[in-house]
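In: Only the shape, not the letters, is given here:
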């Protein structure tokens, strides 16, 4: 099992991989049978989800706000500021820039992300859209 | 600073305090100047928020699904299954039983919770309400 320090370093490298969209390196970080919010996506499905996110949100960037490691778990608060095209999380964002956070947990097994539990702060986005509609 | 083990024990006692609604003991766990999602509630405001939650959700119970400790931080995935009265998170729940999670981070300073970053999975509740409306 990775040490706390190795786990933090592994996670920062994973986030760099996402931000650089170096998808061919994703298998260094994500397990073949990865489960995301209870759904077994596998590496292929996980990559498709991320590629779709970047297509939908051209200026998407993952920013680590807070990182908490207790092997085999990682907890991270991710900060986003981006402009999703069209609908996002069932909301009509339509290219407006919104700021929101994601609180996400990972289980790392055999050196790869095996399971992810993610919650995005949808309420924060709704509040920003409501203000601008006034 | 507390050890990882002490921090986990401290957090479990805090959750027991909430579930038992022993509000007079809350100051053993929560700092006088506690900040919740960027807002300085202080102990009094924090207690009011929790008491209001229990009034609004009579069967509210905090269940620890996953607990990750790296001093001075705690990360927890809380599982809920409860029936909020009326509106909850701006949704017309109206007493229906819903299951949802909260991914929440805490900073513990001088033996008390000093800051909280919480995200509730509102999308999961919306999905449950939508299914039942069909």
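Out: Thanks, I have the structure now. Owing to the predicted nature of the structure, the values given are computational and were not obtained by experimental measurement. Residues are numbered from 1 along each chain as shown, chains lettered A, B, ... in the order given.
In: Identify the residues contacting residue A:68.
Out: Each residue near residue A:68 by C-beta atoms under 8 Å, 6 or more residues apart in numbering or on different chains is listed here: A:74-76, B:68-70, B:73-75, B:105. No exception for glycine: its C-beta is placed from N, CA and C like everyone else's.
In: Now, these that are in strands?
Out: Counting by DSSP state E, the part of the contacts of residue A:68 found in strands is A:74-76, B:68-70, B:73-75, B:105.
In: Quick check: of those, which lies closest to residue A:91?
Out: Within the set of these, residue A:76 lies nearest residue A:91; the separation is 23.1 Å, counting by C-beta to C-beta.
In: can you pull the contacts of the closest one?
Out: By C-beta under 8 Å, 6+ apart, residue A:76 lies in contact with A:11, A:64-68, A:103-106.
In: in the sheet, who's paired with it?
Out: residue A:67, residue A:104 (DSSP bridges).
In: Could you do residue A:115 as well?
Out: Counting by DSSP bridges, the residues bridging with residue A:115 are residue A:35, residue A:107.
In: burial of it, as a residue count?
Out: Residue A:115 has 20 neighbouring residues, counting by other C-beta atoms under 10 Å in any protein chain shown.
In: okay if I get the ones in strands among the contacts of residue A:68 as JSON lines plus distance to residue A:16 and pLDDT?
Out: Rendered in JSON lines, the data for these read as follows (distance: C-beta to C-beta, whole Å; pLDDT from 0 to 100):
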{"residue": "A:74", "distance to residue A:16": "15", "pLDDT": "98"}
{"residue": "A:75", "distance to residue A:16": "19", "pLDDT": "98"}
{"residue": "A:76", "distance to residue A:16": "13", "pLDDT": "98"}
{"residue": "B:68", "distance to residue A:16": "22", "pLDDT": "98"}
{"residue": "B:69", "distance to residue A:16": "26", "pLDDT": "97"}
{"residue": "B:70", "distance to residue A:16": "21", "pLDDT": "97"}
{"residue": "B:73", "distance to residue A:16": "22", "pLDDT": "98"}
{"residue": "B:74", "distance to residue A:16": "26", "pLDDT": "98"}
{"residue": "B:75", "distance to residue A:16": "22", "pLDDT": "98"}
{"residue": "B:105", "distance to residue A:16": "22", "pLDDT": "98"}
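In: Could I have the buried ones of those residues as ChimeraX selection syntax?
Out: For selection in ChimeraX, the members of these meeting the burial criterion (16 or more other C-beta atoms under 10 Å in any protein chain shown) are listed in this command:
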select /A:74,75,76 /B:68,69,70,73,74,75,105
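In: Relative to chain B, how far out is the nearest residue in space to residue A:49 that is not next to it in sequence?
Out: Distances taken as C-beta to C-beta, 6 or more residues apart in numbering or on different chains put residue A:41 closest to residue A:49, at 6.4 Å, once the chain neighbours are dropped. Remark: distance between residue A:41 and chain B (C-beta to the nearest C-beta, to the nearest Å) = 17 Å.
In: wouldn't residue A:41 be in contact with residue A:30 here?
Out: No. With contact defined as C-beta atoms under 8 Å, residue A:41 does not reach residue A:30; the gap is 9.2 Å.
In: and these two? which has more neighbours close in?
Out: Neighbours were counted for residue A:41 and for residue A:30 using other C-beta under 10 Å; residue A:30 has more, 23 against 17.
In: What are the phi and psi values at residue A:61?
Out: Phi and psi for residue A:61, reported as degrees, to the nearest 10, are phi -150, psi 130.
In: Near the closest residue to it other than its chain neighbours, how many residues? Count them for me, please.
Out: If you skip the residues right next to it in sequence, residue A:61 has residue A:19 as its closest partner in space, 5.7 Å away by C-beta to C-beta, 6+ apart. Neighbouring residues of residue A:19 were enumerated by other C-beta under 10 Å; the total is 13.
In: so when I look at residue A:19, I'm seeing a helix, right?
Out: Yes. For residue A:19, which was evaluated using DSSP: H, G, I helix; E, B strand; the rest coil, the result is membership in a helix.
In: Lovely, talk soon.
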